[in-house]
Structure formats: structure tokens, C-alpha cells
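*Asks:* Below is the structure, and that's it, no one-letter string:
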């Protein structure tokens, strides 16, 4: 049998039972749509997170911590501890700093400063608001995008950049009008029963582009150190003698990042590059995508049972026809192929339609999203389709239905021609 | 040394490996040859002996009517000759092909090239028109579409239905449908036509015309024709009538030519 004849015959047979074909295909469409849509949403959100990450973290920086398991274990089963060193984590010492600085390819080493502010209030207002205060060396602050104003100088004090979200919160009309205004950040003490607070008044010199963290204020390094020292009651904190537990290392070039990280780890410290964080994000999203697609896979399994059912019905109806085809010289192989391809064709149709439906739904979600809950993030696509995703879904549904078609196809092939011709 | 050759040849002849001239002639002349063919099948607990060691020879160009009550084995005989069924024991040789030894591939090829079937209920594909129905067997021998339809057109012309080529079976009369079915059997240019009650679903007048057509194909194209029938008209027209009962040939009548 020629391929064109095979395809022609298969589609003619599907066309003869339009409603049944449509219903069987519908089940495949549901599965294919779910899979395609879920994967596309997964990749859309993943690329959003990756983009956001790229806006916040410089790709040539490495986060370094002084000890192994900084975050410790919480909950779970009791685990035996093999040494006290694993529990008591020493902060960095001056020698550590020197060692890290002397690694080839290290351009700059900065403290990662944690600031736990109590609240923020705008100029001449009694109202106070939540705030997340952050700082960083010049090179990592300057990857942050501004909508108005400019960056403060590296040695500056008393200045700040505020997140876009504060404009609305403070009742400031636009980004330009925020420049030059003052905000007050209030710090408390780390020890909760010490009620002392201290106010730091800063002048807004720039407004940050929208990101996921909308309650953020960036302050110069010097101010951050002051705030952290007051908060921790440690005047020597964040000096060469007391560098703290975390450092940010800048490699001279992006290509050196991995090597520098290895050298740092060889000194007994923990180092994590931005690429490693990105890889972890990708892994997590890979798992999420598979998890979300599971519903689609289940739908496809159900659909393939529908295909088996449809084909068994078709064999029953066309038994005499199969007998006649055998009498006309169709081999068992030909009959098997005819029905297996009929199953595959149902999957192919379902995959194509499902792909298109998912594409339309995805675009619809993008449009709705960009007009409502995602209006703050122009250019962000909730659902991202690559041609490979569509082709992959079509290939998957076709392969599954072809497999589903094999059992009925074998039944049809094994029909005895004489009894097939007698079939009523 | 001569004695040795004589001994050797005698040994060969006795062993049966050596085809005697007698046997050789039989094989060459016979289009269809059955030797002690039995067919046993099971229907639930019942064992049915459809054929009980039947011997039969049909020469090229014969028109044989097979007559008998239902259950006499006439359809089974036709199916075995047509390669749709295989005998439980015995030997079937048609057109020099041993069907009793053939597998699915060989049998399918044989059904596709050497024989044409005509059924009582026509068995036409409802969504194909007459031309496409006639062309169906050629689909399985991979003949390209244009060539296929041309051959089908010629076959339809032979049965006098050229002008009905684009009609679907539902738009044709019973007699016309049977003609399409005959054209479909002819399209592969077989040596043998096997017809199972070809007039069984037709009124007698239409049936007569079908018989006339089949008989004409037998006379003019030299096709070997085997017809299972209850119709005495066919028995009259045939060059030979075989009477079957309980899986055996119990009577035979040759047409007085």
C-alpha cells in the first residue's frame, strides 16, 4: 500500500464517523492543551523570574559565606552531628579577607550588609510604612534601572533610591516630584527588650524601575554600615576586623566567575555564583512544569483509552470491510498499519488542535494579564510558546495514540477473513 | 555401471521424489488441484467436518458450478481455493502455487493477483464510487492512482457500466452493484473468478444477466470460473456441475458440448 493511499484511506474512515472522531479527538485536545499551556506558563514565569534576577544580581558577582550550613536544619528527624565545627560558624576574619583578595581574578570584595529597619515615613507625615533596606557596592547598584534621578556616589551619605511602589504609597504624583524629598528610616535594636531607636533622614536622589520587590530602599554603603552597627550594638561591624558572615566578590571578568568560586571554596568557604542560582531556578521550574503537565498526561492516558474504544468499535463495524480487503489482497500487516495509523491520526489531529487552542489561550492570558494584574510589568509574557513546545506536544500525542492504536490494530489484523466476511 | 543408474532411477521413482510424466502432466494441465483436502473447524463444542478428503481437478478455462445443500462444504471449498482459508490436511495447488504451505504474505499476494472474488452481497465500499470500488484491489498492489483508475475504467467498460463510474453503490441497482463487484474481480486480470452465490440477492431476470456476463467472460477471456450456487440456470450454463454433500463430491455432470 502506498503512503498516500494509506493516509487517504485513514482520513476517509475518520471522516465517515465525524461525531465519534470529533469526540475522541476532543479528549486528546484537552490533554494536549493542558500540557502545552502548563509548560508555556512555566517557561513564561521562569523567564520572568530569571529576568528579575538579572535586574537584581550582577552576573560577575559571587556570594560567599564563611561557613558550611549557614541556614541550619529545621524540623525533620534528629540527625547526629559529627563535629562542633559544623554547628558553630565563625565569621570571616581579616586574614580570610586578605586570602580572598589575593585570589587571581578577584577584582573587589565587599561586605554583604543586612539591615533590619523598623519602618519608613515620608517627609512631613505621621504615617509609617514597611521597608526593606538594602545596599551594595557601586557596580551591583548600577545594574538597577531608574525611572527618574540618578545613582548616589560610592562615598555618599544621606541619600537614597526608593522603589517605584513608594510613589503611590506616599501620595507622590510622579517619579520626578519624588526627587529631593526626604524620607526617614527608623532602626531598632537586635535585642528586642532594648527599646532604643534611631532615625536616619535621607534625601531621595532616584526612583527605581518596577520589580518584584516594591518596598525597597537602597542606601549608600556608609549609611548602611551605620544602621547595621546601631542595630547590632557592634561599632566595629563591617570593618576589616569584623567583616561579618557574608561577602560579595566581584570577578574581573564573567568568564573567571566559576574559577574564582572554586578557589574560594578551596579555602573552606561557601561560594555561590549567580549562574548557580539561575540553574537552581531552572531545576525548580523544570519540576514545576512536569508537575503541572501531569494533569495533561492523565488526560492523555484517558484519551488513549478513548482511542482504543473508538478503534475497537470501528473494527466491529467494519469487520466485513476488513474481510473484503483481505480477499482483495490486503496482508495482515496492511490491516494493522491501517488501524494503527488511524489511532495515530486521532492523536495528530488532537495534538495540532490542542497546540493551537493552548496558543490562543496563552495569548489571551497574556493580554488579560498585561491589562490587569501584570500591568506593572510591561513586556512580561505569562505564557511563552516556542515552536518546539508545539511540535513536541504534537509528537507526544501522536506517539501515545499510535501506541494506543496498536492493540486494536493487532485485533483487526488477526481477524479470520472467512468469519469476517460472514460477520453480520 | 549401467545397472547402478537403473537401480538408482528405480529407487527415485519408488520414493516418489521423481515426478513421473503422468503426475507432471496433471500438474501442468490442472489450473486447480485438490488432493485429499479436509477442513475441520470447531464451533463451540461442536466439531464440524466441512470437507472430508476431497479430490478435485479443474482445468484452465472451465466453468464449474458447485451445488449442494447448506453445510455441504461448498463455501469452504471456494474459500480454500481462493486462499482465504487453509485446509486442515491435504494439498491445494492453484496455478502452480501450493496454497497449503503458503503464509499470510504469499496468500495475500495470491488473492491479490491470481483470483477475483464475487460475493452474494456485493461487498462494495459505501463511500467510494463505482470506479474507486473497482480500483480497490490495485491499492494493495501499490499501483499508482491514475493508472489504477484507468484500469478500473477499462474493467467497468467490460461489464458495461462505464457511464456509471461516478455513482456510489447506493445510487446503483442490485444488478449494477454486482457488475461493479465483477469488474472489481476482473481489474487485477486474474486467471480465476470465484463467485459465492452471485445471483442470491438478485431477482431472476437480473440474475440471468449476471450469469450471462460471467459465462461470457469465461468464453471470451478464457477465465476459469467457479460458482457456488443454488441457481439451476447457472448449473445449466456451466461446463461442469459438481454436487456436494457432507464435504464430499457426490455427483458430477459435464455439459454435453
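*Replies:* Thanks, I have the structure now. Only a predicted model underlies this, so the values are computations on that prediction, with no experimental measurement involved. Residues are numbered from 1 along each chain as shown, chains lettered A, B, ... in the order given.
*Asks:* So what does the closest residue to chain B within the stretch 301-424 of chain A have for phi and psi?
*Replies:* Closest approach between the stretch 301-424 of chain A and chain B, counting by Cβ to the nearest Cβ: residue A:329, at 2.4 Å. To be clear about C-beta, it is placed using only N, CA and C from the backbone, and glycine gets the same treatment. Dihedral pair for residue A:329: phi 110, psi 10, per degrees, to the nearest 10.
*Asks:* what does chain B have sitting close to chain A?
*Replies:* B:79, B:82, B:84-85, B:104-105, B:108-109, B:111-113, B:117, B:119, B:123, B:125, B:127, B:136-137, B:139-142, B:144-145, B:184, B:188 (Cβ under 8 Å from any Cβ of the partner chain).
*Asks:* In PyMOL, select just the buried ones from the residues you listed.
*Replies:* Applying 16 or more other Cβ atoms under 10 Å in any protein chain shown to the residues of chain B next to chain A, the buried members can be selected in PyMOL as follows:
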select buried, chain B and resi 79+82+84+85+108+109+111+112+113+117+119+123+125+136+137+139+140+184+188
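*Asks:* What ranges does chain B have for its strands?
*Replies:* Applying DSSP state E to chain B gives strands spanning B:30-43, B:46-59, B:63-67, B:89-94, B:97-98, B:115-118, B:192-196, B:224-229, B:240-245, B:248-254.
*Asks:* Which other helices and strands does the last one contact?
*Replies:* Right, strand B:248-254. strand B:46-59, strand B:240-245 (3 or more Cβ pairs under 8 Å, 6 or more residues apart in numbering or on different chains; DSSP states H and E).
*Asks:* Can I get those in JSON lines including mean pLDDT and mean neighbour count?
*Replies:* Output for the helices and strands packed on strand B:248-254, formatted as JSON lines (pLDDT from 0 to 100; neighbours: other Cβ atoms under 10 Å in any protein chain shown):
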{"stretch": "strand B:46-59", "mean pLDDT": "92", "mean neighbour count": "17"}
{"stretch": "strand B:240-245", "mean pLDDT": "93", "mean neighbour count": "20"}
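*Asks:* Reformat those strands into JSON lines and put distance to residue A:207 next to each item.
*Replies:* Below are the helices and strands packed on strand B:248-254 laid out as JSON lines (distance: least, Cβ to Cβ, whole Å):
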{"stretch": "strand B:46-59", "distance to residue A:207": "94"}
{"stretch": "strand B:240-245", "distance to residue A:207": "103"}
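*Asks:* neighbouring strands for the lengthiest strand in chain A, and are they parallel or not?
*Replies:* Longest strand of chain A, by residue count under DSSP E: strand A:198-208. For strand A:198-208, the paired strands and their directions (DSSP bridges) read strand A:146-149 (antiparallel), strand A:159-162 (parallel), strand A:182-187 (antiparallel).
*Asks:* Which elements pack onto the helix or strand just after that strand?
*Replies:* Per DSSP states H and E, the first helix or strand lying C-terminal to strand A:198-208 is strand A:216-218. Secondary-structure packing of strand A:216-218 (3+ Cβ pairs under 8 Å, 6+ apart): strand A:132-134, strand A:159-162, strand A:198-208.
*Asks:* Go again with 7 Å.
*Replies:* strand A:132-134, strand A:159-162 (3 or more Cβ pairs under 7 Å, 6 or more residues apart in numbering or on different chains; DSSP states H and E).
*Asks:* got the contact list for the last one?
*Replies:* Read it as strand A:159-162. Residues outside strand A:159-162 that contact it (Cβ atoms under 7 Å, 6 or more residues apart in numbering or on different chains) are A:152, A:178, A:183, A:202-208, A:217-220.
*Asks:* Can you tell me which of the residues you listed are buried?
*Replies:* Applying 16+ other Cβ under 10 Å to these flags A:152, A:178, A:183, A:202, A:204-208, A:217-220 as buried.
*Asks:* Relative to chain B, which of those is nearest.
*Replies:* Looking across these and measuring by Cβ to the nearest Cβ, the closest to chain B is residue A:208, at 68.2 Å.
*Asks:* quick one: contacts for the residue nearest to the closest one when sequence neighbours are not counted?
*Replies:* Nearest residue to residue A:208, sequence neighbours excluded (Cβ to Cβ, 6 or more residues apart in numbering or on different chains): residue A:163, at 5.1 Å. By Cβ under 7 Å, 6+ apart, the contact list for residue A:163 reads A:208, A:213, A:214, A:215, A:216, A:217.
*Asks:* Nearest the geometric middle of chain A, what residue?
*Replies:* residue A:46 (2.4 Å; Cα atoms, centre = their mean).
*Asks:* Over the stretch of helix or strand that residue belongs to, what's the mean pLDDT, rounded is fine.
*Replies:* Assigned by DSSP H and E, residue A:46 falls within helix A:18-56. Averaged across helix A:18-56, the pLDDT comes to 91.
*Asks:* Just the closest residue of the stretch 101-250 of chain B to chain A, please.
*Replies:* Taking Cβ to the nearest Cβ, the stretch 101-250 of chain B has residue B:112 as its residue nearest chain A, at 2.4 Å.
*Asks:* circling back: pull the residues that contact the longest strand of chain A.
*Replies:* A:144, A:146-152, A:158-164, A:167, A:175, A:178-187, A:219, A:223, A:227, A:230.
*Asks:* let's go with 6 Å and repeat that
*Replies:* With Cβ atoms under 6 Å, 6 or more residues apart in numbering or on different chains as the test, strand A:198-208 has contacts from A:144, A:146-150, A:152, A:158-164, A:175, A:178-179, A:181-187, A:230.
*Asks:* and the angle from that strand to helix A:18-56?
*Replies:* Interaxial angle, strand A:198-208 versus helix A:18-56 (axes from the mean of the first three to the mean of the last three Cα atoms, to 10 degrees): 120 degrees.
*Asks:* ok now strand A:198-208, how far from the chain's centre?
*Replies:* Offset of strand A:198-208 from its chain centre (Cα atoms, centre = their mean, to the nearest Å): 33 Å.
*Asks:* what pLDDT does residue 61 get?
*Replies:* You didn't say which chain, so I picked chain A. pLDDT, residue A:61: 90.
*Asks:* Not quite, go with chain B.
*Replies:* Per-residue pLDDT puts residue B:61 at 91.
*Asks:* Show me where the chain dips below the pLDDT cut-off.
*Replies:* In the absence of a named chain, this looks at chain A. A:68-75, A:84-87 (pLDDT under 70).
*Asks:* um, chain B though
*Replies:* B:1-29, B:256-257.
*Asks:* quick one, longest helix in it?
*Replies:* Across chain B, the longest stretch assigned as helix under DSSP state H is helix B:204-221.
*Asks:* And that helix, what's buried?
*Replies:* For helix B:204-221, burial by neighbour count (16+ other Cβ under 10 Å) applies to B:206, B:207, B:208, B:210, B:211, B:213, B:214, B:215, B:217, B:218.
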